[in-house]
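J.: missing the sequence, but the structure's below:
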């Protein structure tokens, strides 16, 4: 509690609002804040975290990045060894679309209904992370009912080089990363350019909490060819293997589990993309790409015993094992035309083919085989129009047409308004979302229901931002409201998934940022959330804190030679439940991390990173204590 009070007092400044961007890939103006930057994707709330900021904060996992952002709650089951999910503005974890280099990586064969497991992706070669909350541009996808996360990997720098990154810490933690990149001139007179990048990372989290282990090996190769005349061809390949052990979800963790048996997950995933882009002129550009995502998971899960009925195999969760395969192929094309200043038309389409299968068995007093295999294809054309009818006023209108085979078509509109005058900016946006049921929800032999309907959303938000003190202090306040209909929920009476719930989410996000001196900057954000549930719903919503906040402090007394950063997260009370305990309200908590980076020589950086510096006691899921104080040291050598 003493640590929490200190952190709450620090919530005084936050990321600075950036300039309006035509899309989420546009560049923000220079930020005064040390942390994430806010920009607009046609009026949407978009926060961007750059590579330099990720390195300064010592962040090695995608979940570590997202937990510092406004409106995003991240849960980790006993460190990063269990499934880790992001909940945006009170929406389900599977209401947020994740894209890596433009390829969707959500998994519809997972028991969480198509969410993305944050523990699968590190930060070794990321250029930036873009998080859109609420009303998302139609080009980002229909299933982004609560938001979307775009991960963009780094392009090679102008010159060739290599880097070695080593770190080690408590509880057996160690990380080794090596990378190389190069660039060469090709073609007549050297007008063209060829670049490449290779990288490999091994991460072992050790055993930060009892029963928790997590190792991840990942590699990436990228090739770019730029022959000139605005043509760009990019190809990339990413692969990873993740091995984890942890207490099962809902088991009550090390504190409450009735058995000491551990859940084991081994996962292999691969992602490949190829994209051709042509900048015809300053006013016309187009692109076409193909992406492939393939994931395989082997899961062995122990029985979670209900202590009130320990001899009933139907009570609690049965033991089981499964081998799951999922493949997604996506082809997309888009074009952007600006016939005159103040008028831009964008249009495109994507075609997705998905196939998922699972084989295994569960123990219901005896082995029961489980198996399913499903496939789906969807065609989705879209169009976006942006106009500026008056100086400082812009209007964006978008429409997406979802056309799944063997399902009804769906039209999804979006409208956004942005007004800027002097140091003040106002924005408003409204839109609808649509998500098909996950393969697991439709076909799981135990709880699946082939008659499930698609889930739908309607979202509205208002925002105001202003700068003060000649731009040294910036602030933004956003009010948001969302209604989710036909939510897929588990029914204990029928022991199956049903469409029955409605949830209304409302809240406020506050972001502040300030540069106090040339070497000292502060930033922070706070989110308040209120959920109104369908009166017919008899289950609580897990992982939805009523309030949460984050704060960042960055001090650079030696310019680029010495860099000191503090990152704090504070989370309010959270509803949760497990089989042994039933419904539980988790206590509020706060955590402070610190990073020091010292450039001792050209191309040599030493780092020291402290997690949970004040050794706060907390739990993100019932029975799973969060990791205590840990320290790790590292060295990076590059040339």
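T.: Received it, and whenever you're ready, just let me know what you need. If you're wondering where the values come from, they're calculated on a predicted model, not measured in any experiment.
J.: doesn't residue 531 make contact with residue 483?
T.: No. Between residue 483 and residue 531 there is no contact under Cβ atoms under 8 Å: 11.2 Å. Where C-beta positions appear, they are placed from N, C-alpha and C, glycine not excepted.
J.: name the residues contacting each of the two.
T.: 503, 504, 505 (Cβ atoms under 8 Å, 6 or more residues apart in numbering).
J.: distance to residue 231, pLDDT and neighbour count added to those, as CSV?
T.: Shown next, in CSV, are those (distance: Cβ to Cβ, whole Å; pLDDT from 0 to 100; neighbours: other Cβ atoms under 10 Å):
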residue, distance to residue 231, pLDDT, neighbour count
503, 47, 87, 21
504, 48, 91, 16
505, 44, 92, 23
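J.: is it true that residue 171 lies in a helix?
T.: Yes. Judged by DSSP: H, G, I helix; E, B strand; the rest coil, residue 171 forms part of a helix.
J.: can you give me the distance of it to residue 609?
T.: Remark: distance between residue 171 and residue 609 (Cβ to Cβ, to the nearest Å) = 14 Å.
J.: which one's more surrounded, those two?
T.: More crowded of residue 171 and residue 609, by other Cβ atoms under 10 Å: residue 609, with 22 against 16.
J.: out of the shared contacts of residue 483 and residue 531, which is nearest to residue 426?
T.: Distance to residue 426 across the shared contacts of residue 483 and residue 531 (Cβ to Cβ) is lowest for residue 505, with 22.2 Å.
J.: list the buried residues of stretch 237-257.
T.: 238-254, 256-257 (16 or more other Cβ atoms under 10 Å).
J.: ends of that stretch, what's the gap?
T.: End-to-end distance for stretch 237-257, by Cα to Cα, to the nearest Å: 40 Å.
J.: distance from it to the middle of the chain?
T.: 18 Å (Cα atoms, centre = their mean, to the nearest Å).
J.: please apply the same query to stretch 400-415.
T.: 24 Å.
J.: ditto for stretch 602-622
T.: 20 Å.
J.: buried stuff in that stretch?
T.: Buried residues in stretch 602-622 (16+ other Cβ under 10 Å): 605, 607-614, 616, 618-622.
J.: next one: stretch 470-483
T.: For stretch 470-483, a neighbour-count test (16+ other Cβ under 10 Å) marks 473, 474, 475, 476, 478, 480, 481, 482, 483 as buried.
J.: what's whatever helix or strand the fifth one lives in packed up against?
T.: Read that as residue 478. Using DSSP states H and E, residue 478 sits in strand 473-491. When contacts are defined as 3 or more Cβ pairs under 8 Å, 6 or more residues apart in numbering; DSSP states H and E, strand 473-491 sits against strand 17-21, strand 455-468, strand 496-515.
J.: okay, those in TSV with distance to residue 272 next?
T.: Listed next are the helices and strands packed on strand 473-491 as TSV, based on distance: least, Cβ to Cβ, whole Å:
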stretch	distance to residue 272
strand 17-21	28
strand 455-468	30
strand 496-515	32
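J.: nearest to residue 374, of those?
T.: strand 496-515 (14.6 Å).
J.: and that closest one, how far out from the chain's middle?
T.: Relative to the centre of its chain, strand 496-515 is centred 15 Å away, using Cα atoms, centre = their mean.
J.: now do it against strand 455-468, angle only.
T.: Using axes from the mean of the first three to the mean of the last three Cα atoms, to 10 degrees, one finds that strand 496-515 and strand 455-468 are set 10 degrees apart in direction.
J.: strand 496-515 pairs with which strands?
T.: The strands that strand 496-515 pairs with in its sheet are strand 473-491 (antiparallel), strand 520-533 (antiparallel) (by DSSP bridges).
J.: need those in a markdown table (columns: distance to residue 231 and mean pLDDT).
T.: Below are the strands paired with strand 496-515 laid out as a markdown table (distance: least, Cβ to Cβ, whole Å; pLDDT from 0 to 100):
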| stretch | distance to residue 231 | mean pLDDT |
| --- | --- | --- |
| strand 473-491 | 38 | 90 |
| strand 520-533 | 39 | 91 |
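J.: Serialize those strands to CSV and add fields for distance to residue 181.
T.: As requested, those are exported to CSV (distance: least, Cβ to Cβ, whole Å):
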stretch, distance to residue 181
strand 473-491, 35
strand 520-533, 30
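J.: what are the buried residues along the biggest strand by length in the chain?
T.: Longest strand of the chain, by residue count under DSSP state E: strand 367-390. Buried residues in strand 367-390, counting neighbours by 16+ other Cβ under 10 Å, are found at 370, 372, 374, 376, 378, 380, 381, 382, 383, 384, 386.
J.: stretch 314-324 too?
T.: Across stretch 314-324, burial judged by 16+ other Cβ under 10 Å covers 315, 316, 317, 318, 319, 320, 321, 322, 324.
J.: ok, the fifth one touching residue 303?
T.: Same thing as residue 319. Yes. Look at residue 319 against residue 303 with Cβ under 8 Å: they come within range, at 3.9 Å.
J.: run through the residues that contact residue 375.
T.: Per Cβ under 8 Å, 6+ apart, neighbours of residue 375: 353, 354, 355, 356.
J.: tell me which residues in stretch 167-177 are buried?
T.: For stretch 167-177, by 16+ other Cβ under 10 Å, it's 167, 168, 169, 171, 173, 174, 175, 177.
J.: the most centrally placed residue in the chain pairs with what?
T.: Nearest residue to the geometric centre of the chain (Cα atoms, centre = their mean): residue 149, 4.8 Å. In this entry, residue 149 is beta-bridged to residue 98, residue 131, by DSSP bridges.
J.: before we move on, back to that, average pLDDT across the helix or strand that comes right after the longest strand of the chain?
T.: For strand 367-390, the following helix or strand on the C-terminal side (DSSP H and E) is strand 393-404. For strand 393-404, the mean per-residue pLDDT is 94.
J.: now for strand 393-404, which elements pack on it?
T.: Partner elements for strand 393-404 (3+ Cβ pairs under 8 Å, 6+ apart): strand 367-390, strand 410-421.
J.: name the residues that touch the last one?
T.: Contact partners of strand 410-421, identified using Cβ under 8 Å, 6+ apart, comprise 20, 40, 42-44, 135-138, 142, 392-402, 425-434, 454.
J.: pull out the buried positions in that strand.
T.: Within strand 410-421, judged by 16+ other Cβ under 10 Å, the buried ones are 410, 412, 414, 415, 416, 417, 418, 420.
J.: quick check, nearest of those to residue 214?
T.: Proximity of these to residue 214 (Cβ to Cβ) peaks at residue 412, which lies at 37.4 Å.
J.: partners of the closest residue to that closest one other than its chain neighbours in the sheet?
T.: Spatially, and ignoring its direct neighbours in sequence, residue 412 is nearest to residue 400 (4.5 Å; Cβ to Cβ, 6 or more residues apart in numbering). With DSSP bridges as the criterion, residue 400 is bridged to residue 382, residue 412.
J.: ok, residue 400 touching residue 382?
T.: Yes. Between residue 400 and residue 382 there is a contact at 4.1 Å, judged by Cβ under 8 Å.
J.: quickly list what's touching both of these two.
T.: Common neighbours of residue 400 and residue 382 (Cβ under 8 Å, 6+ apart) are 138, 139.
J.: tell me the contacts of the closest residue to residue 532 other than its chain neighbours?
T.: Using Cβ to Cβ, 6+ apart and skipping the chain neighbours, the partner closest in space to residue 532 is residue 504 (4.2 Å). Counting by Cβ under 8 Å, 6+ apart, residue 504 touches 481, 482, 483, 484, 531, 532.
J.: do you know how far the fourth one is from residue 413?
T.: When Cβ to Cβ is applied, the distance between residue 484 and residue 413 equals 17 Å.
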